[in-house]
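Enquirer: after the sequence you'll find the predicted model.
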Amino acid sequence: MIKAQSFIEAARDLGFSLYTGVPCSYLKPFINYVIDSKDLRYVGAANEGDAVAIGAGAQLGGQRSVVMFQNSGLGNAVSPLTSLTFTFELPVLLIPTLRGEPGGAPDEPQHELMGQITTEFLELMRIAWEFFPTEDEQIRPALDRALTYMNETQRPYALVMRKGSVDSVKLQSAPSLRALTGPVVSPATPVASRTAALRAVQAAAGPQDIVIATTGYTGRELFALDDRDNQLYMVGSMGCASTLGLGLAIAQPHRRVFVVDGDGAMLMRMGAMATVGYERPANLTHVLLDNGLHESTGGQATVAGSVDFCGIARSCGYEHIESIGEPDDLQSGLVTAPDGVAFFHVPTLPGIPEDLPRPDVTPKEVSRRLQNFIAGN
């Protein structure tokens, strides 16, 4: 058994400063230590997939991250692990626990199957792993192996934590409360296309800003309008745009991050809004293009017509909230929005531009050039 401090301080020396995840009793010492630390940051995610996306966003912004969760939630992380960190080559250090370990301590019945297949599951996703260190002299070599692998392959690495690996740590900090400050907003009427709204976002983005576009036609249309080094077009990992943007905004606090989401994607991982609203990065602007359809997959209706997205944003703690239909008003609203995490609900008309191209840059190339943009600006 090791002390949480021994591992976390060794990891800090190697540049790991942001921790994110979903609690597990095995991870409690880690989480408590990081929360109480004055120069480390813990971001509590609504689910394991969101945690992976937050860590990936931080890595994209140049901040190394550790993503922690119970192995029972590993399935929830499959989408971003296979279509975000793998596809965009964004290495994060994973610490999944091994609840239900075969031959280990008795555990709850829901952990039986996942306990049997956790390491096979990681291997199936081509994630290299080893067991979490349990002796002080094992810590730095394990971290060195992980970091070497991550640097060479640009893939995640997992340290699988067994029960009793880390000594207990009592949490000293009291939970932080966030008062709701956002206004009550009525939805606007859709008058423009998605392309027109995206053009307004591009016009509002300054030379230092970053734009993240959700998967599907949104990213493709943004690319077709004007492919820029400060843009990232999500593929797969549906619903993870806002948490990727959150991690990026934390890692790059001095530049604005625009996340352009879709109603179907937002609904898929709407718990992410609670995390964004709690963390409240002053430089994150969340733009929802809402046409009420899964348009990228054939035009099936979403349930957006019965959802008050602005009300949800307010309830989650977003500070500045608007619903805007006119592209010119959207552009000016994005430019003049006050500091504070902002939410713009933009109802749009259905429709797809004719002969819409697919990006001719690969996700890996998009990721690298955005990292180069950040490093050079």
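Expert: Great, that's in hand.
Enquirer: go ahead and confirm residue 100 touches residue 115.
Expert: Yes. In this structure residue 100 lies within contact range of residue 115 using CB atoms under 8 Å: 2.4 Å. In this view, the C-beta of every residue, glycine as well, is placed from N, C-alpha and C.
Enquirer: and residue 149, how many neighbours does it have?
Expert: 16 (other CB atoms under 10 Å).
Enquirer: surely it meets residue 128?
Expert: Yes. Residue 149 is in contact with residue 128 according to CB under 8 Å; the separation is 5.6 Å.
Enquirer: find residues that contact each of the two.
Expert: Contact criterion CB atoms under 8 Å, 6 or more residues apart in numbering; residues shared by residue 149 and residue 128: 155, 157.
Enquirer: sorry, back to before: more neighbours: which of residue 100 and residue 115?
Expert: Neighbour comparison, residue 100 and residue 115: the larger count goes to residue 100, with 23 against 20 (by other CB under 10 Å).
Enquirer: between residue 100 and residue 115, which contacts overlap?
Expert: 71, 107.
Enquirer: give me the contact list for stretch 217-229.
Expert: Identification of contacts with stretch 217-229 by CB under 8 Å, 6+ apart yields 194-195, 198-199, 201-202, 211, 213, 231, 233-235, 260-262, 289, 295-296, 352-353, 356-359, 361, 369-370, 372-373.
Enquirer: okay, now the unreliable bits of the stretch 151-300 of the chain?
Expert: Within the stretch 151-300 of the chain, no stretch has pLDDT under 70.
Enquirer: in it, which spans are helices?
Expert: Applying DSSP state H, counting those that start in this stretch to the stretch 151-300 of the chain gives helices spanning 194-204, 217-225, 241-251, 263-268, 271-279.
Enquirer: tell me which of the ones you listed sits most buried.
Expert: helix 241-251 (a mean of 29; mean count of other CB atoms under 10 Å).
Enquirer: quick check: angle from that one to helix 271-279?
Expert: Here helix 241-251 runs at 20 degrees with respect to helix 271-279, directions being taken by axes from the mean of the first three to the mean of the last three CA atoms, to 10 degrees.
Enquirer: begin at 4, not 1, for the rest of this chat.
Expert: All right, first residue 4 from here; so that's helix 244-254.
Enquirer: show me what helix 244-254 is packed up against.
Expert: Counting contacts by 3 or more CB pairs under 8 Å, 6 or more residues apart in numbering; DSSP states H and E, helix 244-254 is packed against strand 19-24, strand 44-47, helix 51-63, strand 213-216, strand 260-265, helix 274-282, strand 287-293.
Enquirer: and the chain, what are its domains?
Expert: Domain segmentation of the chain under automatic domain parsing yields 7-163, 197-379.
Enquirer: next, format those as a markdown table and append distance to residue 181.
Expert: Output for these, formatted as a markdown table (distance: least, CB to CB, whole Å):
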| stretch | distance to residue 181 |
| --- | --- |
| domain 7-163 | 12 |
| domain 197-379 | 5 |
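Enquirer: figure out which of those domains is closest to residue 191.
Expert: For the domains of the chain, the distance to residue 191 is smallest for domain 197-379, at 3.9 Å, taking CB to CB.
Enquirer: which stretch among the domains of the chain comes nearest residue 186?
Expert: domain 197-379 (5.9 Å).
Enquirer: and the closest one, end to end?
Expert: 31 Å (CA to CA, to the nearest Å).
Enquirer: now that domain, how far from the centre of its chain.
Expert: Centroid separation between domain 197-379 and its chain, computed with CA atoms, centre = their mean, to the nearest Å, is 13 Å.
Enquirer: correct me, but residue 160 touches residue 152?
Expert: Yes. Using CB under 8 Å, residue 160 is in contact with residue 152, at 5.1 Å.
Enquirer: joint contacts of the two?
Expert: In contact with both residue 160 and residue 152: residue 131, using CB under 8 Å, 6+ apart.
Enquirer: returning to what we had before: quick one: the helices of the stretch 154-303 of the chain as JSON lines, columns for distance to residue 71 too.
Expert: What follows is the helices of the stretch 154-303 of the chain, written out as JSON lines (distance: least, CB to CB, whole Å):
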{"stretch": "helix 197-207", "distance to residue 71": "34"}
{"stretch": "helix 220-228", "distance to residue 71": "29"}
{"stretch": "helix 244-254", "distance to residue 71": "14"}
{"stretch": "helix 266-271", "distance to residue 71": "23"}
{"stretch": "helix 274-282", "distance to residue 71": "15"}
